[in-house]
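>>> Pasted the sequence and its predicted model underneath.
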Amino acid sequence: MMALRGKTRAAMRCFFLTQQQLRLPLPLTPSSAADISSISAPSSHRFFSFTCSSLFRHSPLFAPSNQAFSRPISFRELHSSPPSIRSFAARGLQTMPNSDSVTYLTQREAAEVDEILMGPLGFSVDQLMELAGLSVATAIAEVYKPSEYNRVLAICGPGNNGGDGLVAARHLFHFGYKPFICYPKRTPKPLYSGLVTQLESLSVPFLSVEDLPADLSKEFDIVVDAMFGFSFHGNYSIYCSLLISIVVILRKRTPAVVSVDIPSGWHVEEGDVNGGGMKPDMLVG
Ligand SMILES: NC(=O)C1=CN([C@@H]2O[C@H](COP(=O)(O)OP(=O)(O)OC[C@H]3O[C@@H](n4cnc5c(N)ncnc54)[C@H](OP(=O)(O)O)[C@@H]3O)[C@@H](O)[C@H]2O)[C@@H](O)CC1
């Protein structure tokens, strides 16, 4: 998590990591650090970044001479790697030019920041969700051009992470993509029903799990994983594991899987401890 402690404005920015960035050779050179920093969202799209790097927060610090860091590392390796390897992501982010304004939060500290944002600072969940979804859409547009990756399937879960996905899909529509939504467990709260209404007013199709084609790669260029964020607990229900299986299996042929905030199924601080979580190409947090 990119965050602040008394530096709220400085910390309001979106970070995303792609396979390409995670293949940068280590230790990071000034130019590779610049490559990473150049992918942050434009200042007009800055927002409070939720939990991306908190996935890696408890990794021990690494020595530049460590053999593990003398070669490029892929995102796939990152998922299955011990904490010392996972700390690469934190290292990359820490190496950003204004890294003095960036610190990392635990889940508990993140909850406290939420309380401040939504308490004395007066932010609403709607506002934060809108900014999160817009930032996800912006990050996708930065990496996957609509001319090449036009058809987007957003799989949205029952909580706020799913709400981020609904918002992102709306912005992707306005960016020129053709989004589709799979939202199997709808939440009847006004915030969510409003997001659904807005998408329906744009004629964005909602697909049931049964509607999903057997081969997602033929129908979609990007899958947005907005099933679960930092409140995922326990194991997947049968229903959810079905969805996960679809995406994981077809991920081999799907051009891009983009996870929102935390890859679905990952522990917020320990990562993919059971090995059954999503394996995204890009993580936006
Ligand atoms: N906080 C903020 O300020 C903002 C947060 N934002 C975003 O919200 C995300 C966190 O949102 P969240 O807290 O709503 O939780 P989330 O991860 O979406 O899932 C909760 C739902 O999943 C369900 N569920 C859980 N485990 C399950 C299982 N094994 N199998 C089946 N179901 C399971 C659980 O059900 P329950 O346990 O309640 O029965 C509940 O319905 C965060 O990562 C970020 O992306 C932004 O929108 C901006 C503002």
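Noted; the coordinates are in hand.
>>> okay, the strand or helix carrying residue 192 in PDB with CA atoms only?
Taking DSSP states H and E as the definition, residue 192 sits inside helix 190-201. In PDB, the C-alpha atoms belonging to helix 190-201 read as follows (Å, rounded to 0.1, in the frame of the first residue of the first chain):
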ATOM      1  CA  PRO A 190     -28.100   1.700  -3.600                       C
ATOM      2  CA  LEU A 191     -24.400   2.300  -4.400                       C
ATOM      3  CA  TYR A 192     -24.200  -1.000  -6.300                       C
ATOM      4  CA  SER A 193     -27.600  -0.800  -7.900                       C
ATOM      5  CA  GLY A 194     -26.700   2.700  -9.100                       C
ATOM      6  CA  LEU A 195     -23.500   1.400 -10.700                       C
ATOM      7  CA  VAL A 196     -25.500  -1.400 -12.400                       C
ATOM      8  CA  THR A 197     -28.100   1.100 -13.700                       C
ATOM      9  CA  GLN A 198     -25.300   3.400 -15.100                       C
ATOM     10  CA  LEU A 199     -23.800   0.400 -17.000                       C
ATOM     11  CA  GLU A 200     -27.200  -0.700 -18.200                       C
ATOM     12  CA  SER A 201     -27.900   2.800 -19.500                       C
END
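>>> Report the spatially nearest residue to the closest residue to the ligand within the chain, omitting neighbours in sequence.
Residue nearest to the ligand within the chain (Cβ to the nearest ligand atom): residue 229, separated by 1.9 Å. C-beta here means a position set from N, CA and C on the backbone, and glycine is covered the same way. Closest residue in space to residue 229, ignoring its immediate chain neighbours: residue 161 at 3.3 Å, by Cβ to Cβ, 6 or more residues apart in numbering.
>>> Surely that neighbour is in a helix?
Yes. Under DSSP: H, G, I helix; E, B strand; the rest coil, residue 161 falls within a helix.
>>> Could you check how far the residue of the chain closest to the ligand is from residue 267?
12 Å (Cβ to Cβ, to the nearest Å).
>>> Just the buried positions in the lengthiest helix in the chain, please.
In the chain, with assignment by DSSP state H, the single longest helix is helix 125-143. Within helix 125-143, the residues that qualify as buried are 128-143, counting by 16 or more other Cβ atoms under 10 Å.
>>> quick one on the thing from earlier: if we go by neighbour counts, what in the helix holding residue 192 is buried?
192, 195, 196, 199.
>>> what does stretch 273-285 give?
276, 277, 278, 279, 280, 281, 282, 283, 284, 285.
>>> Kindly check the end-to-end length of it for me.
19 Å (Cα to Cα, to the nearest Å).
>>> what mean pLDDT does that stretch have?
When pLDDT is averaged along stretch 273-285, the result is 84.
>>> Return the residues of this protein in contact with the ligand.
Residues of the chain lying close to the ligand by Cβ under 6 Å from any ligand atom are 50-51, 114, 125, 128-129, 132, 157-164, 228-237, 240, 260-262.
>>> quick one: which of the buried residues of stretch 273-285 sit in strands?
Secondary structure defined by DSSP state E assigns 282, 283, 284 of those to strands.
>>> So which of those is the closest to residue 147?
residue 282 (18.0 Å; Cβ to Cβ).
>>> close enough to count as contact, the closest one and residue 143?
Yes. The criterion here is Cβ atoms under 8 Å, and residue 282 meets it with residue 143 at 6.3 Å.
>>> mind checking the SS state of residue 244?
Residue 244 ends up helix, using three-state DSSP.
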